[in-house]
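S.K.: sequence? don't have it. structure:
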(Lines give C-alpha, C1' and ligand atoms only; values in the text may rest on other atoms or scores of the structure.)
Protein backbone atom coordinates (compact mmCIF):
# COMPACT_ATOMS: atom_id res chain seq x y z
CA UNK A 1 0.00 0.00 0.00
CA UNK A 2 2.82 2.33 0.93
CA UNK A 3 4.69 1.39 -2.30
CA UNK A 4 1.68 2.29 -4.42
CA UNK A 5 1.33 5.66 -2.73
CA UNK A 6 5.02 6.48 -3.34
CA UNK A 7 4.64 5.59 -6.99
CA UNK A 8 1.70 7.98 -7.34
CA UNK A 9 3.62 10.81 -5.63
CA UNK A 10 6.63 10.22 -7.89
CA UNK A 11 4.41 10.32 -10.95
CA UNK A 12 2.87 13.61 -9.84
CA UNK A 13 6.31 15.16 -9.29
CA UNK A 14 7.53 14.07 -12.73
CA UNK A 15 4.36 15.43 -14.33
CA UNK A 16 4.82 18.77 -12.52
CA UNK A 17 8.42 19.02 -13.72
CA UNK A 18 7.28 18.25 -17.24
CA UNK A 19 4.66 21.03 -17.12
CA UNK A 20 7.22 23.50 -15.75
CA UNK A 21 9.65 22.71 -18.58
CA UNK A 22 6.93 23.10 -21.16
CA UNK A 23 5.92 26.47 -19.70
CA UNK A 24 9.54 27.70 -19.78
CA UNK A 25 9.95 26.58 -23.40
CA UNK A 26 6.65 28.22 -24.30
CA UNK A 27 7.69 31.50 -22.58
CA UNK A 28 11.05 31.49 -24.37
CA UNK A 29 9.42 30.86 -27.73
CA UNK A 30 6.89 33.63 -27.08
CA UNK A 31 9.67 36.07 -26.16
CA UNK A 32 11.55 35.17 -29.36
CA UNK A 33 8.45 35.64 -31.47
CA UNK A 34 7.95 39.14 -29.97
CA UNK A 35 11.46 40.36 -31.00
CA UNK A 36 11.45 42.60 -34.10
CA UNK A 37 13.74 41.77 -37.00
CA UNK A 38 15.68 44.91 -38.00
CA UNK A 39 18.84 45.89 -39.88
CA UNK A 40 21.64 47.46 -37.86
CA UNK A 41 24.95 49.04 -38.82
CA UNK A 42 27.78 51.16 -37.43
CA UNK A 43 27.89 54.84 -38.49
CA UNK A 44 30.61 55.68 -41.00
CA UNK A 45 33.57 57.91 -40.16
CA UNK A 46 34.92 59.69 -43.24
CA UNK A 47 37.24 62.55 -44.19
CA UNK A 48 35.25 64.52 -46.75
CA UNK A 49 34.95 67.78 -48.65
CA UNK A 50 31.74 69.56 -47.74
CA UNK A 51 29.69 71.73 -50.08
CA UNK A 52 26.73 74.02 -49.49
CA UNK A 53 23.92 74.04 -52.05
CA UNK A 54 21.90 77.01 -53.29
CA UNK A 55 19.48 77.80 -56.10
CA UNK A 56 20.33 80.49 -58.65
CA UNK A 57 20.27 81.41 -62.31
CA UNK A 58 22.64 82.18 -65.12
CA UNK A 59 23.08 85.71 -66.42
CA UNK A 60 25.15 87.30 -69.18
CA UNK A 61 28.34 89.13 -68.31
CA UNK A 62 27.48 91.70 -70.98
CA UNK A 63 23.91 92.54 -72.00
CA UNK A 64 23.43 95.43 -74.42
CA UNK A 65 20.42 97.08 -76.03
CA UNK A 66 21.30 98.11 -79.59
CA UNK A 67 20.02 101.66 -80.13
CA UNK A 68 20.06 104.07 -83.04
CA UNK A 69 22.44 107.01 -82.57
CA UNK A 70 21.10 109.04 -85.52
CA UNK A 71 17.59 109.48 -86.86
CA UNK A 72 16.56 108.19 -90.25
CA UNK A 73 14.81 105.45 -92.19
CA UNK A 74 16.05 101.89 -91.65
CA UNK A 75 17.47 100.58 -94.93
CA UNK A 76 19.16 97.22 -94.20
CA UNK A 77 19.25 94.43 -91.61
CA UNK A 78 22.46 92.43 -91.94
CA UNK A 79 22.00 89.55 -89.48
CA UNK A 80 19.74 86.58 -88.85
CA UNK A 81 17.77 86.81 -85.59
CA UNK A 82 19.18 84.55 -82.89
CA UNK A 83 22.63 84.04 -84.43
CA UNK A 84 26.03 84.69 -82.89
CA UNK A 85 27.56 88.03 -83.86
CA UNK A 86 31.04 89.47 -83.38
CA UNK A 87 31.95 92.84 -81.89
CA UNK A 88 32.17 95.43 -84.69
CA UNK A 89 29.88 93.52 -87.06
CA UNK A 90 27.41 95.72 -88.97
CA UNK A 91 23.87 94.88 -87.89
CA UNK A 92 21.65 97.69 -89.24
CA UNK A 93 22.12 100.37 -91.90
CA UNK A 94 20.17 103.64 -91.81
CA UNK A 95 19.70 105.57 -95.07
CA UNK A 96 23.06 107.33 -95.51
CA UNK A 97 22.23 109.84 -98.26
CA UNK A 98 21.17 112.78 -96.01
CA UNK A 99 24.26 112.30 -93.85
CA UNK A 100 26.58 112.05 -96.85
CA UNK A 101 25.15 115.33 -98.18
CA UNK A 102 25.60 116.98 -94.76
CA UNK A 103 29.23 115.83 -94.70
CA UNK A 104 29.93 117.28 -98.12
CA UNK A 105 28.36 120.61 -97.07
CA UNK A 106 30.47 120.68 -93.91
CA UNK A 107 33.63 119.94 -95.90
CA UNK A 108 32.81 122.81 -98.28
CA UNK A 109 32.30 125.19 -95.35
CA UNK A 110 35.65 124.07 -93.99
CA UNK A 111 37.39 124.88 -97.25
CA UNK A 112 35.78 128.32 -97.29
CA UNK A 113 36.89 128.98 -93.71
CA UNK A 114 40.42 127.94 -94.51
CA UNK A 115 40.46 130.33 -97.48
CA UNK A 116 39.26 133.17 -95.24
CA UNK A 117 41.98 132.31 -92.74
CA UNK A 118 44.63 132.32 -95.48
CA UNK A 119 43.48 135.76 -96.66
CA UNK A 120 43.51 137.14 -93.12
CA UNK A 121 47.00 135.78 -92.54
CA UNK A 122 48.25 137.41 -95.75
CA UNK A 123 46.67 140.74 -94.81
CA UNK A 124 48.27 140.61 -91.38
CA UNK A 125 51.64 139.73 -92.86
CA UNK A 126 51.54 142.73 -95.21
CA UNK A 127 50.46 145.06 -92.40
CA UNK A 128 53.34 144.25 -90.08
CA UNK A 129 56.06 146.30 -91.91
CA UNK A 130 53.58 149.10 -92.57
CA UNK A 131 52.69 149.63 -88.94
CA UNK A 132 56.35 149.65 -87.96
CA UNK A 133 56.98 152.49 -90.45
CA UNK A 134 53.82 154.34 -89.43
CA UNK A 135 52.10 153.89 -92.80
CA UNK A 136 48.97 152.49 -91.11
CA UNK A 137 47.55 153.16 -87.72
CA UNK A 138 47.85 150.76 -84.79
CA UNK A 139 44.08 150.38 -84.70
CA UNK A 140 44.03 149.24 -88.33
CA UNK A 141 46.75 146.70 -87.56
CA UNK A 142 44.83 145.43 -84.50
CA UNK A 143 41.74 145.02 -86.67
CA UNK A 144 43.66 142.75 -89.06
CA UNK A 145 44.94 140.71 -86.10
CA UNK A 146 41.38 140.20 -84.93
CA UNK A 147 40.24 139.24 -88.43
CA UNK A 148 42.93 136.58 -88.50
CA UNK A 149 41.85 135.26 -85.09
CA UNK A 150 38.20 135.18 -86.15
CA UNK A 151 39.10 133.31 -89.33
CA UNK A 152 41.14 130.81 -87.31
CA UNK A 153 38.19 130.19 -84.97
CA UNK A 154 35.90 129.75 -87.98
CA UNK A 155 38.23 127.03 -89.29
CA UNK A 156 38.11 125.19 -85.97
CA UNK A 157 34.31 125.42 -85.90
CA UNK A 158 34.12 124.11 -89.47
CA UNK A 159 36.49 121.25 -88.61
CA UNK A 160 34.26 120.28 -85.67
CA UNK A 161 31.22 120.35 -87.96
CA UNK A 162 32.99 118.02 -90.39
CA UNK A 163 33.95 115.68 -87.54
CA UNK A 164 30.32 115.57 -86.35
CA UNK A 165 29.09 114.95 -89.89
CA UNK A 166 31.60 112.10 -90.27
CA UNK A 167 30.40 110.60 -86.98
CA UNK A 168 26.76 110.87 -88.02
CA UNK A 169 27.57 109.14 -91.29
CA UNK A 170 29.48 106.43 -89.41
CA UNK A 171 26.56 105.97 -87.00
CA UNK A 172 24.26 105.09 -89.89
CA UNK A 173 25.98 101.69 -89.72
CA UNK A 174 24.83 100.27 -86.38
CA UNK A 175 27.50 97.81 -85.21
CA UNK A 176 27.61 95.18 -82.48
CA UNK A 177 29.38 96.62 -79.42
CA UNK A 178 30.07 93.14 -77.96
CA UNK A 179 30.25 89.56 -79.19
CA UNK A 180 27.32 87.32 -78.29
CA UNK A 181 23.92 86.07 -79.34
CA UNK A 182 21.60 88.65 -80.84
CA UNK A 183 17.84 88.57 -80.41
CA UNK A 184 15.22 89.41 -83.01
CA UNK A 185 15.11 92.77 -84.78
CA UNK A 186 12.55 95.02 -83.08
CA UNK A 187 12.22 97.38 -86.09
CA UNK A 188 11.57 96.41 -89.71
CA UNK A 189 13.13 97.91 -92.82
CA UNK A 190 11.47 101.16 -93.91
CA UNK A 191 10.58 102.40 -90.44
CA UNK A 192 11.80 105.70 -89.08
CA UNK A 193 14.19 105.25 -86.15
CA UNK A 194 15.09 107.99 -83.69
CA UNK A 195 18.59 108.61 -82.44
CA UNK A 196 19.19 110.84 -79.42
CA UNK A 197 20.73 110.86 -75.98
CA UNK A 198 17.33 109.89 -74.54
CA UNK A 199 14.39 108.11 -76.11
CA UNK A 200 16.38 106.54 -78.93
CA UNK A 201 14.89 103.55 -80.75
CA UNK A 202 15.90 100.09 -79.49
CA UNK A 203 16.71 97.95 -82.53
CA UNK A 204 17.75 94.63 -80.91
CA UNK A 205 19.64 93.21 -77.92
CA UNK A 206 22.82 91.16 -77.52
CA UNK A 207 23.91 88.95 -74.62
CA UNK A 208 27.40 87.53 -74.25
CA UNK A 209 27.63 83.77 -73.59
CA UNK A 210 31.26 82.83 -72.99
CA UNK A 211 32.10 83.14 -70.17
CA UNK A 212 28.82 83.34 -68.26
CA UNK A 213 27.81 84.33 -64.72
CA UNK A 214 25.72 82.43 -62.17
CA UNK A 215 23.99 84.46 -59.43
CA UNK A 216 22.64 83.01 -56.18
CA UNK A 217 21.76 84.20 -52.67
CA UNK A 218 23.22 83.04 -49.36
CA UNK A 219 21.43 83.32 -46.02
CA UNK A 220 22.76 85.61 -43.32
CA UNK A 221 23.62 82.59 -41.17
CA UNK A 222 25.68 80.99 -43.95
CA UNK A 223 27.38 84.31 -44.68
CA UNK A 224 28.45 84.59 -41.04
CA UNK A 225 29.68 81.00 -41.15
CA UNK A 226 31.91 81.75 -44.15
CA UNK A 227 33.26 84.91 -42.51
CA UNK A 228 34.20 83.01 -39.35
CA UNK A 229 35.76 80.17 -41.36
CA UNK A 230 37.83 82.74 -43.23
CA UNK A 231 39.01 84.39 -40.01
CA UNK A 232 39.96 81.04 -38.50
CA UNK A 233 41.88 80.02 -41.63
CA UNK A 234 39.74 76.94 -42.28
CA UNK A 235 38.38 78.34 -45.56
CA UNK A 236 39.55 81.42 -47.44
CA UNK A 237 36.92 84.03 -48.22
CA UNK A 238 35.38 84.05 -51.71
CA UNK A 239 36.12 87.78 -51.79
CA UNK A 240 39.85 87.04 -52.03
CA UNK A 241 39.93 83.44 -53.25
CA UNK A 242 38.30 81.97 -56.37
CA UNK A 243 36.63 79.13 -54.43
CA UNK A 244 35.35 76.34 -56.70
CA UNK A 245 31.67 75.80 -57.47
CA UNK A 246 29.76 73.01 -59.19
CA UNK A 247 26.42 73.53 -60.93
CA UNK A 248 23.69 71.26 -62.26
CA UNK A 249 20.66 72.20 -64.36
CA UNK A 250 17.03 71.29 -63.75
CA UNK A 251 17.23 68.14 -65.90
CA UNK A 252 20.63 66.97 -64.62
CA UNK A 253 21.40 64.61 -61.74
CA UNK A 254 25.13 65.38 -61.50
CA UNK A 255 26.95 68.66 -60.86
CA UNK A 256 28.77 68.62 -64.19
CA UNK A 257 29.42 72.34 -64.74
CA UNK A 258 32.52 73.77 -63.06
CA UNK A 259 33.34 77.36 -62.18
CA UNK A 260 34.78 79.65 -59.51
CA UNK A 261 33.50 82.45 -57.32
CA UNK A 262 34.29 85.96 -58.56
CA UNK A 263 32.03 88.27 -56.53
CA UNK A 264 30.30 88.62 -53.14
CA UNK A 265 28.01 91.58 -52.57
CA UNK A 266 28.98 94.30 -50.10
CA UNK A 267 25.83 94.18 -47.98
CA UNK A 268 23.12 91.97 -46.54
CA UNK A 269 19.71 92.76 -48.01
CA UNK A 270 17.51 94.44 -45.40
CA UNK A 271 14.40 92.98 -47.02
CA UNK A 272 15.41 89.33 -47.50
CA UNK A 273 18.34 88.90 -45.11
CA UNK A 274 20.50 87.38 -47.86
CA UNK A 275 23.77 88.17 -49.60
CA UNK A 276 24.24 87.88 -53.37
CA UNK A 277 27.09 85.71 -54.61
CA UNK A 278 28.31 85.22 -58.16
CA UNK A 279 30.31 82.56 -59.94
CA UNK A 280 31.85 82.60 -63.40
CA UNK A 281 31.99 79.62 -65.77
CA UNK A 282 33.49 78.87 -69.16
CA UNK A 283 30.82 78.22 -71.79
CA UNK A 284 32.81 77.26 -74.87
CA UNK A 285 30.02 75.13 -76.37
CA UNK A 286 27.48 77.94 -75.69
CA UNK A 287 25.18 75.40 -74.02
CA UNK A 288 24.39 77.61 -71.04
CA UNK A 289 22.21 80.63 -71.69
CA UNK A 290 21.10 83.59 -69.52
CA UNK A 291 17.95 82.95 -67.51
CA UNK A 292 18.51 79.22 -66.88
CA UNK A 293 17.98 78.12 -63.28
CA UNK A 294 20.26 75.63 -61.54
CA UNK A 295 21.62 74.31 -58.25
CA UNK A 296 25.10 75.39 -57.22
CA UNK A 297 27.51 73.74 -54.81
CA UNK A 298 29.85 76.14 -53.01
CA UNK A 299 32.91 74.80 -51.22
CA UNK A 300 32.24 74.87 -47.46
CA UNK A 301 35.18 72.96 -45.93
CA UNK A 302 37.93 70.54 -46.95
CA UNK A 303 39.32 67.47 -45.14
CA UNK A 304 36.57 67.39 -42.51
CA UNK A 305 36.15 64.30 -40.29
CA UNK A 306 32.42 63.53 -40.06
CA UNK A 307 30.05 60.78 -38.89
CA UNK A 308 27.60 59.60 -41.56
CA UNK A 309 24.34 57.67 -41.24
CA UNK A 310 21.42 57.06 -43.62
CA UNK A 311 18.71 59.69 -43.35
CA UNK A 312 16.19 56.83 -43.09
CA UNK A 313 17.79 55.84 -39.75
CA UNK A 314 16.64 59.12 -38.16
CA UNK A 315 13.32 59.10 -36.30
CA UNK A 316 11.52 62.33 -35.50
CA UNK A 317 8.96 63.54 -33.04
CA UNK A 318 7.61 67.01 -32.37
CA UNK A 319 10.64 68.26 -30.47
CA UNK A 320 13.69 66.21 -31.44
CA UNK A 321 15.42 63.87 -33.86
CA UNK A 322 16.84 60.58 -32.62
CA UNK A 323 18.17 57.17 -33.62
CA UNK A 324 17.68 53.76 -32.04
CA UNK A 325 20.92 52.63 -30.42
CA UNK A 326 21.42 48.86 -30.08
CA UNK A 327 22.25 47.70 -26.52
CA UNK A 328 24.31 44.65 -25.51
CA UNK A 329 21.15 42.66 -24.68
CA UNK A 330 19.67 43.28 -28.17
CA UNK A 331 17.25 45.92 -26.96
CA UNK A 332 17.13 49.48 -28.31
CA UNK A 333 17.32 52.89 -26.68
CA UNK A 334 16.43 56.16 -28.39
CA UNK A 335 19.38 58.56 -28.53
CA UNK A 336 18.95 62.20 -29.55
CA UNK A 337 21.24 63.37 -32.35
CA UNK A 338 22.23 66.74 -33.79
CA UNK A 339 22.25 66.59 -37.57
CA UNK A 340 24.18 68.58 -40.13
CA UNK A 341 23.59 68.60 -43.86
CA UNK A 342 23.87 65.84 -46.43
CA UNK A 343 26.96 64.20 -47.81
CA UNK A 344 25.80 62.53 -51.02
CA UNK A 345 23.07 60.08 -49.90
CA UNK A 346 24.12 60.14 -46.23
CA UNK A 347 23.32 62.47 -43.34
CA UNK A 348 26.06 64.16 -41.30
CA UNK A 349 25.74 63.66 -37.53
CA UNK A 350 27.27 66.44 -35.46
CA UNK A 351 26.67 64.77 -32.08
CA UNK A 352 24.86 61.83 -30.49
CA UNK A 353 26.56 58.73 -31.94
CA UNK A 354 30.05 57.54 -32.86
CA UNK A 355 31.46 55.07 -35.35
CA UNK A 356 31.75 52.52 -32.52
CA UNK A 357 27.98 52.41 -31.93
CA UNK A 358 25.41 50.26 -33.68
CA UNK A 359 22.14 51.83 -34.76
CA UNK A 360 18.97 50.57 -36.41
CA UNK A 361 18.97 51.60 -40.08
CA UNK A 362 15.74 49.94 -41.26
CA UNK A 363 12.61 48.66 -39.56
CA UNK A 364 12.68 51.37 -36.90
CA UNK A 365 9.02 52.26 -37.53
CA UNK A 366 8.04 49.15 -35.52
CA UNK A 367 10.26 49.97 -32.52
CA UNK A 368 9.81 51.59 -29.16
CA UNK A 369 12.49 52.34 -26.55
CA UNK A 370 13.37 49.11 -24.74
CA UNK A 371 12.03 46.88 -27.51
CA UNK A 372 13.79 43.56 -28.15
CA UNK A 373 15.22 43.07 -31.63
CA UNK A 374 16.61 40.39 -33.90
CA UNK A 375 19.49 42.33 -35.52
CA UNK A 376 20.88 41.72 -38.98
CA UNK A 377 24.20 43.55 -39.30
CA UNK A 378 25.09 45.27 -42.60
CA UNK A 379 27.90 47.61 -43.67
CA UNK A 380 27.02 51.13 -44.74
CA UNK A 381 28.38 52.58 -47.98
CA UNK A 382 28.30 56.06 -49.49
CA UNK A 383 26.68 56.03 -52.92
CA UNK A 384 29.29 58.42 -54.41
CA UNK A 385 32.85 59.09 -53.43
CA UNK A 386 33.73 62.37 -55.17
CA UNK A 387 32.52 65.76 -53.94
CA UNK A 388 29.81 65.60 -51.34
CA UNK A 389 27.26 68.23 -50.45
CA UNK A 390 26.16 69.81 -47.23
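M.R.: Here it is on my side, so go on. A quick note: this is a predicted structure, and the numbers were derived from the prediction, not measured.
S.K.: Output the contacting helices and strands for the helix or strand residue 74 falls within.
M.R.: According to DSSP states H and E, residue 74 maps onto strand 72-77. Counting contacts by 3 or more CB pairs under 8 Å, 6 or more residues apart in numbering; DSSP states H and E, strand 72-77 packs against strand 90-94, strand 192-193. Just so you know, the C-beta spots here come from the backbone N, C-alpha and C atoms, and that holds for glycine as well.
S.K.: Give me the contact list for it.
M.R.: Applying CB atoms under 8 Å, 6 or more residues apart in numbering, the set of residues contacting strand 72-77 from outside is 91-96, 98-99, 172, 185, 187-193, 195, 203.
S.K.: Among those, name the buried ones.
M.R.: Buried by 16 or more other CB atoms under 10 Å: 91-94, 96, 98-99, 172, 185, 187, 193, 195, 203, out of the contacts of strand 72-77.
S.K.: how about CSV for the residues you listed, with pLDDT added?
M.R.: Shown next, in CSV, are the buried ones among the contacts of strand 72-77 (pLDDT from 0 to 100):
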residue, pLDDT
91, 96
92, 96
93, 96
94, 95
96, 94
98, 94
99, 93
172, 93
185, 93
187, 93
193, 93
195, 88
203, 94
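S.K.: quick revisit: how about CSV for the helices and strands packed on strand 72-77, with distance to residue 82 added?
M.R.: Below are the helices and strands packed on strand 72-77 laid out as CSV (distance: least, CB to CB, whole Å):
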stretch, distance to residue 82
strand 90-94, 13
strand 192-193, 21
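S.K.: what's the closest of these to residue 382?
M.R.: With CB to CB as the measure, strand 90-94 is the member of those nearest residue 382 (53.2 Å).
S.K.: Now do whatever helix or strand comes next after the closest one against strand 72-77, angle only.
M.R.: Moving toward the C-terminus from strand 90-94, the next helix or strand (DSSP H and E) is helix 97-133. Angle between the axes of helix 97-133 and strand 72-77 is 120 degrees (criterion: axes from the mean of the first three to the mean of the last three CA atoms, to 10 degrees).
S.K.: Where do the domain boundaries of this protein fall?
M.R.: 34-47+304-377, 52-61+209-301, 67-95+173-207, 96-171 (automatic domain parsing).
S.K.: how long is the second one end to end?
M.R.: Pointing back at domain 52-61+209-301 there. The first and final residues of domain 52-61+209-301 sit 9 Å from each other (CA to CA, to the nearest Å).
S.K.: Then the shortest one?
M.R.: Its start and end residues considered, domain 67-95+173-207 measures 14 Å (CA to CA).
S.K.: For stretch 143-154, what is the distance to the chain centroid?
M.R.: With CA atoms, centre = their mean, to the nearest Å as the basis, stretch 143-154 stands 63 Å off its chain's centre.
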